[in-house]
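Asks: what follows is a protein structure lacking sequence information:
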């Protein structure tokens, strides 16, 4: 794309004014110079690129960032718990810019039309190749949640993403949702598809019988004369957050004692730079950085936080940089170290938004994507309905996509109350856009998709809400699981996030009446983790609802009343 100097830009504005054009500069700016955004001069001699949580999105998408990401206790007012204008102010990002759109929800629908879609593996490939050409030996790291999140990934058992990552020349990866393909499928991919190409790293996955490592805990490479080590950390709570029966013979956990052993081991083998490729979630990474010494940087994922700059955490051994690189293929991070005298002397970090209209599609990757999608094109493209409002999923309590799913499963199944998981993945739909079957699958494509209808007592409902609330709001990050609050339909309730466990949820009401502890209520849900669970796939339930309506009016979000959160910079 050709560059435009200041004089040319001002001349264009003047011409537009004379012609009577509206003086909204953003469409003109959107057509501006890509080089300014993606010119990241090489620095130092050790280089990493990092993406995470792409959730199988091969094509460019819309993705709205949250307007609620509460930070409590020691996390109050700190990254990643900043949204909207508070995030812009903290990182010195000008409002109304392309970067402001990438990192926040502000003016999302209009800004999305102005700046276009984000991500897409063909555009990601172009950017990765450009950065790699400037950085000899650079390693491309994938933080995981790569083989799940789309219809084609589900139907191909992750194969479409495995082959895309090989084509992208990923060097190493860790994992979370990958495990929901089942342990046998994961091992098949690691041993057959990835062998000799992509290293699958996880120091915290061991066998339940003898505690043997299931995967390589780390990898060591020489880069420009410097020994570097990358340690992998899979999501610690996989068998709790997802079905245990899918990986029955493996244990997970945070295991920071073993992490320290791995760091010490690679240091003893000569590593001058140690990077942790983590799927802990950023709050867990921030705590781990205070407890484990000798890690230069944590390239983190799981919580989908697009954090523009690293957080420097001091510990007994010095300092550790903690980062998180967003989701959905929307960002590519580049981390450069200057290593001299056997030590890291300085660093540079940039989290680059991947704007598909600023980066040409890599021809080889684009051809692969077309080929792998071709057999499913008709099914994916079925138009189920048109949305009059913005549909998004993200935020601690509810999103309009979540609300639509709740409305559908409650009505179709005749339930009083609806529960939908607090998943953070799923693409966004702009007002006036058709909802296709592919878009629906972007919200629901999992290997345990069953829609359920269960009778629960008021006491059981409160227990569920309290348990999930503690997973989200426990002041100790090691007791958090990194998702969002279960989405609730039909039921109104009050939540005090900073209250003690068991005391956060009060004043539960259904149709204005207080929920009775001993009374039974019909509760619709989906994604049961229990072994042997059955039911109709939730996408079929929601698809029927959408086809019947054809037009989807803007959703009214069923949000809890919050106590004690006034002034929290993680809520807008």
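Replies: That came in fine, so what should we check first? Everything numeric in this text was worked out from a predicted model, so none of it was measured.
Asks: give the contact list for residue 314.
Replies: Residue 314 makes contact with residue 290 under the criterion Cβ atoms under 8 Å, 6 or more residues apart in numbering. To be clear about C-beta, it is placed using only N, CA and C from the backbone, and glycine gets the same treatment.
Asks: surely it is in a strand?
Replies: Yes - the assignment for residue 314 is a strand, going by DSSP: H, G, I helix; E, B strand; the rest coil.
Asks: measure it to residue 322 for me?
Replies: When distance is defined by Cβ to Cβ, to the nearest Å, residue 314 is 11 Å away from residue 322.
Asks: and residue 433, by the same measure?
Replies: 36 Å.
Asks: now residue 425
Replies: Applying Cβ to Cβ to residue 425 and residue 322 gives a distance of 22 Å.
Asks: compare neighbour counts for these two and give me the winner.
Replies: Comparing residue 425 with residue 322 by other Cβ atoms under 10 Å, the one with more neighbours is residue 322, at 28 against 24.
Asks: pretty sure the more buried one contacts residue 309?
Replies: No - using Cβ atoms under 8 Å, residue 322 is not in contact with residue 309, being 10.4 Å away.
Asks: that's a helix at residue 304, yeah?
Replies: No - counting by three-state DSSP, residue 304 is not found in a helix; it is coil.
Asks: could you report the neighbour count for it?
Replies: Neighbour tally, residue 304, other Cβ under 10 Å: 27.
Asks: do the same with the one 4 residues further on
Replies: Using other Cβ under 10 Å, the number of residues around residue 308 comes to 21.
Asks: list the contacts for the nearest residue to residue 291 once chain neighbours are set aside?
Replies: Nearest non-adjacent residue to residue 291, counting by Cβ to Cβ, 6 or more residues apart in numbering: residue 256, 5.3 Å away. Each residue near residue 256 by Cβ under 8 Å, 6+ apart is listed here: 288, 291-292.
Asks: between these, which is nearest residue 142?
Replies: Residue 142 lies nearest to residue 288 out of those, by Cβ to Cβ, at 19.8 Å.
Asks: show me the contacts for the closest one.
Replies: Per Cβ under 8 Å, 6+ apart, neighbours of residue 288: 254, 256, 259, 276, 278, 280, 298.
Asks: state which helix of this protein is the longest.
Replies: In the chain, with assignment by DSSP state H, the single longest helix is helix 458-473.
Asks: can you give me how far that helix is from the chain middle?
Replies: Remark: helix 458-473 is offset 23 Å from the chain centroid, using Cα atoms, centre = their mean, to the nearest Å.
Asks: contacting residues around the helix or strand just after that helix?
Replies: Downstream of helix 458-473, the first helix or strand assigned by DSSP states H and E is strand 487-489. Strand 487-489 is contacted by residues 397-399, 402-403, 405-407, 409-410, 417-422, 465, 524, 558, 560 when judged by Cβ under 8 Å, 6+ apart.
Asks: over to stretch 396-404?
Replies: For stretch 396-404, using Cβ under 8 Å, 6+ apart, the contacting residues are 66, 68-70, 389-393, 420, 426, 428-429, 443, 472, 484-485, 487-489, 495, 542, 552, 554-560.
Asks: direction included, what does the host helix or strand of residue 229 pair against?
Replies: Secondary structure from DSSP H and E places residue 229 in strand 226-233. Using DSSP bridges, the strands paired with strand 226-233 are strand 218-223 (antiparallel), strand 273-278 (parallel).
Asks: need those strands in TSV (columns: mean pLDDT).
Replies: Formatted as TSV, the strands paired with strand 226-233 follow (pLDDT from 0 to 100):
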stretch	mean pLDDT
strand 218-223	98
strand 273-278	98
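Asks: which of these sits closest to residue 94?
Replies: strand 273-278 (30.6 Å).
Asks: centre of the chain versus the host helix or strand of residue 264, how much separation?
Replies: Element membership for residue 264 (DSSP H and E) is helix 256-268. Computed by Cα atoms, centre = their mean, the separation of helix 256-268 from the middle of its chain amounts to 27 Å.
Asks: next one: stretch 224-238
Replies: Distance, centroid of stretch 224-238 to centroid of chain: 19 Å (Cα atoms, centre = their mean).
Asks: picking up where we left off before, out of the strands paired with strand 226-233, which comes closest to residue 151?
Replies: Here strand 273-278 is closest among the strands paired with strand 226-233 (Cβ to Cβ), at 27.5 Å.
Asks: just the mean pLDDT for the strand holding residue 229, thanks.
Replies: Across strand 226-233, the average pLDDT comes to 98.
Asks: got it, and stretch 79-95?
Replies: So the average pLDDT for stretch 79-95 ends up being 98.
Asks: now do the strand holding residue 229 against helix 256-268, angle only.
Replies: If you take axes from the mean of the first three to the mean of the last three Cα atoms, to 10 degrees, strand 226-233 sits at 160 degrees to helix 256-268.
Asks: and whichever helix or strand comes after strand 226-233, which residues are buried?
Replies: As assigned by DSSP H and E, the chain's next helix or strand after strand 226-233 is helix 238-241. Neighbour counts using 16 or more other Cβ atoms under 10 Å place 238-239, 241 of helix 238-241 among the buried residues.
Asks: can you get me a residue count around the closest residue to residue 459 other than its chain neighbours?
Replies: Leaving aside its sequence neighbours, residue 459 sits nearest to residue 517 (Cβ to Cβ, 6+ apart; 4.3 Å). By other Cβ under 10 Å, 12 other residues sit near residue 517.
Asks: mind putting the buried residues of helix 238-241 in CSV, distance to residue 155 and pLDDT included?
Replies: Converted to CSV, those look like this (distance: Cβ to Cβ, whole Å; pLDDT from 0 to 100):
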residue, distance to residue 155, pLDDT
238, 22, 97
239, 25, 96
241, 23, 95
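Asks: pLDDT weak spots in the stretch 151-300 of the chain?
Replies: Residue ranges of the stretch 151-300 of the chain with pLDDT under 70: none are present.
Asks: tell me where it has helices.
Replies: 151-155, 159-167, 183-188, 238-241, 256-268, 282-291 (DSSP state H, counting those that start in this stretch).
Asks: need the winner for burial among those.
Replies: helix 282-291 (a mean of 23; mean count of other Cβ atoms under 10 Å).
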